[in-house]
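[1] Sharing a sequence plus its predicted fold:
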Amino acid sequence: MTLPHHDGSPLFVSDDAPALGDTVSVRLRVPAGYGPLRAVRTRSNPDHEPEWTDAVLLGAADGWDWWEAPIHVRNPRHGYRFVLLHEDGRVEWLNQTGIHIGETLDAEDFALAATPAAPAWLHGSVMYQVFPDRFARSVQADEHPTPDWAIPASWSDPVDPVVPGRSKQFYGGDLPGVVEHLDHLVALGVDLLYLTPVFPAASNHRYDASSFDTIDPLLGGEDAYVRLIEEAHARGIRVIGDLTSNHSGDRHEWFQQALGHPGAETESFYYFTDAGNTAYESWLGTPTLPKFNWASDALRERFITAEDSVVAKWLKPPYSIDGWRIDVANMTGRLGAVDLNAEVRQLLAETVRAINPDAIVLGESTNDAATDLQGDGWHGAMTYPAFTRPLWGWLSEPIGAPYLTYDGQQVTEPWFFTQPIGGIPRYTARDFADAVTRFTAGIPWRVRLGNMQPLDTHDTARFATNAAPGTMPVAVGLSMTMPGVPVIFAGDEFGLTGADGESSRTPMPWSRQHEPELAEVFETYRSLVGLRRSHPVLGTGGMRWLHVDDETVVFVRESAEECVLVLATRGGADVELAPGALPGAADAVELYGDATLASASDGAVALAAEGPAFAAWSLPGVRMPRG
């Protein structure tokens, strides 16, 4: 059954970044004959007191009735829902989880954010993540001695996933090596480069920075960083950095100044818990990662607000990075009864915006991120439950995926994003769609579009490790076509594997990249990245589920200019869409895949594919009533 629809895209919302006091027009699309309806209203809850507005019927187009209502924006996050009053007395409510008979939760309302929006370029981007130690090693790297903390490794050596190699194994990739392979990124089609930390540290991951004021000489130093950014910009690729706002390393100059020195200038930067400044709070009890105390005004100045602060320095020339990904953003400013997270993220976003309004700020929040994603700080998040984890549950092999072993010994439990649940859960396509809906229902549409949408990252196993046969194109296709920013972790495009977040940090197989098996995977990625980049509706258009069953999802991304229909199936599809569900299907143009689409004279649409399969078609844009 075709249902009423609204989302935060331009088809339905006149302004997604209003100011407080503005009036925004919101539209509802109702299938002709759904009802009849006596009235349509919106219900908001400004200052936690309900407010109602009446919608007017604009007219009909392509079998849909369009209603429009004003929303008076009174709070920084202004939620609203629709209420449909039927002539027979029935009442229905529409929010971000769908249509309901009973009243719904404010947390799941559609929402307008009366704060500055992310720069428009973010939503059209495809991100490529590089872990510098494992991407490419230039000739210059041979000039640097192995640091005292490191265990040297040759590029062809396997990753050592156990302590101490887990953080100390050192392959020596550097920034000039990244420059040498920027044309690989161009060939792949990506246009946003995300580098994990590049500051000096005592680990291969560099999340334990010893300074935020310099670039690790082992990576080539500041000159190499400037050159990388300039060369990337020359190729149309933006670059963002990775910053730890929750902690520094225990070798950091600020921490060393205060450790064992009560009264030191930087004492307030951390949570020292004894009189002698020798005991302290750290990230999850890891002593090499002392936790920042964001109640410190001095820390806020040095890290964020000063003209030469950490946040500011790298956004300004000669570096001019295009934004930050903030590590452990979910725990930043939080410790027991203390919660300064909103203050920190807002201050950080304000600073970035003042220096470069065209820069982005993304926060890491790997579980339910909704409360931190209301438009007041982060433009989006690196988060997993709204896409990545349910996708794995659907498209991976069933429970019983391999244990991580090393030298014949079991190292970890069956891996599923650090969750001790005995391996990868077994989901249906319906479970996948339900999870996507559930974990995005509390997030304003505008912010959802900025959420990173990876199959895997440097902190996870590789998707290819446990992917069911034939599902890789399905997974990549969904990452490129669903709302959010697609993310490719370097090496995914060659089909690299890894059983957990350490063993997935695999050196890039440059010497093997032209082997047929690797080249085939690369071509799949290149084609699907091209699909995303060639159709702007996939970045900013609305999304409407058309069909969900245990094997298959079908949805459409919609704008006034173009619609893209998507089918993804694991076990095969035989789907019929009701007449009127998909206007314009008769003019569909195949974009990708081997599925079939047939449009009947009454407007019904039949879709079929042998699974696993991913397919996409281009359709005409949505028509709205005139006047």
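    Yep, that arrived. Numbering: from 1, shown residues only.

[2] quick one: least confident helix or strand in this protein?
    strand 409-410 (a mean of 54; mean pLDDT, DSSP states H and E).

[3] Settle this for me: Glu108 is touching Thr97, isn't it.
    Yes. The criterion here is Cβ atoms under 8 Å, and Glu108 meets it with Thr97 at 5.2 Å. (Glycine included, C-beta is placed from N, CA and C.)

[4] between these two, who's got more neighbours?
    The neighbour comparison of Glu108 against Thr97 (other Cβ atoms under 10 Å) goes to Glu108, with 21 against 17.

[5] which helix of this protein spans the most residues?
    For the chain, the helix that runs over the most residues, judged by DSSP state H, is helix 516-534.

[6] re the thing from before, what's the first helix or strand after the least confident helix or strand of the chain?
    helix 429-440 (DSSP states H and E).

[7] So which bits of that next one are buried?
    For helix 429-440, the neighbour count (16 or more other Cβ atoms under 10 Å) marks 429, 431-433, 435-440 as buried.

[8] Reduced to three states, what does the residue of the chain most remote from its centre come out as?
    In terms of distance from the mean C-alpha position of the chain, Asp88 ranks first, at 43.4 Å (Cα atoms, centre = their mean). Counting by DSSP: H, G, I helix; E, B strand; the rest coil, the backbone at Asp88 sits in coil.

[9] Got the phi and psi for it?
    Main-chain torsions, Asp88, degrees, to the nearest 10: phi -90, psi 10.

[10] mind checking how far it is from Arg43?
    To Arg43, Asp88 is 21 Å away according to Cβ to Cβ, to the nearest Å.

[11] Need the contact partners of whichever strand or helix holds Asp183.
    Under the criterion of DSSP H and E, Asp183 resides in helix 182-188. Residues outside helix 182-188 that contact it (Cβ atoms under 8 Å, 6 or more residues apart in numbering) are 128, 193, 231-232, 235-237, 488, 493, 522, 525-526, 529.

[12] Would you mind checking the residues you listed for buried ones?
    Among the contacts of helix 182-188, those buried by neighbour count (16+ other Cβ under 10 Å) are 128, 193, 231-232, 237, 488, 493, 522, 525, 529.

[13] which residues of the chain score low on pLDDT?
    In the predicted model of the chain, residues 398-415, 627 satisfy pLDDT under 70.

[14] ok, for the residue nearest the centre of the chain, nearest residue in space, not its chain neighbours?
    Centroid check for the chain by Cα atoms, centre = their mean gives Met452 as the closest residue, at 1.1 Å. Closest residue to Met452 apart from its sequence neighbours, by Cβ to Cβ, 6 or more residues apart in numbering: Met382 at 4.5 Å.

[15] so the one you found bridges to which residues?
    Glu364, Met452 (DSSP bridges).

[16] Over to Thr596?
    Ala608.

[17] What separation do you get for it and Arg626?
    The spacing between Thr596 and Arg626, counted by Cβ to Cβ, is 35 Å.

[18] With neighbour numbers in mind, choose between these two.
    Thr596 (13 against 7).

[19] Any buried residues in stretch 65-76, and which?
    65-69, 71, 73-75.

[20] Please read the previous query as pertaining to stretch 180-189.
    180-182, 184-185, 188-189.

[21] now swap in stretch 93-105 and tell me
    Neighbour-count burial for stretch 93-105 [16+ other Cβ under 10 Å]: 93-97, 99, 104.

[22] mind listing what's buried in stretch 207-218?
    207-212, 215-216, 218.

[23] got it, and stretch 24-33?
    Neighbour counts using 16+ other Cβ under 10 Å place 24, 26-31 of stretch 24-33 among the buried residues.

[24] Quick check: Gln257 touching Ser268?
    No. Counting by Cβ under 8 Å, Gln257 does not reach Ser268; the two are 11.5 Å apart.

[25] where does Val198 fall, helix, sheet strand or coil?
    Classification of Val198 using three-state DSSP returns coil.

[26] For it, list the residues it contacts.
    132, 175, 206, 215-216, 219, 225, 241-242.

[27] Pipe those residues into CSV and attach secondary structure per row.
    Listed next are the contacts of Val198 as CSV, based on three-state DSSP:
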residue, secondary structure
Pro132, helix
Leu175, helix
Arg206, coil
Ile215, coil
Asp216, coil
Leu219, helix
Tyr225, helix
Gly241, strand
Asp242, strand
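
[28] Many thanks, I have nothing further to ask.
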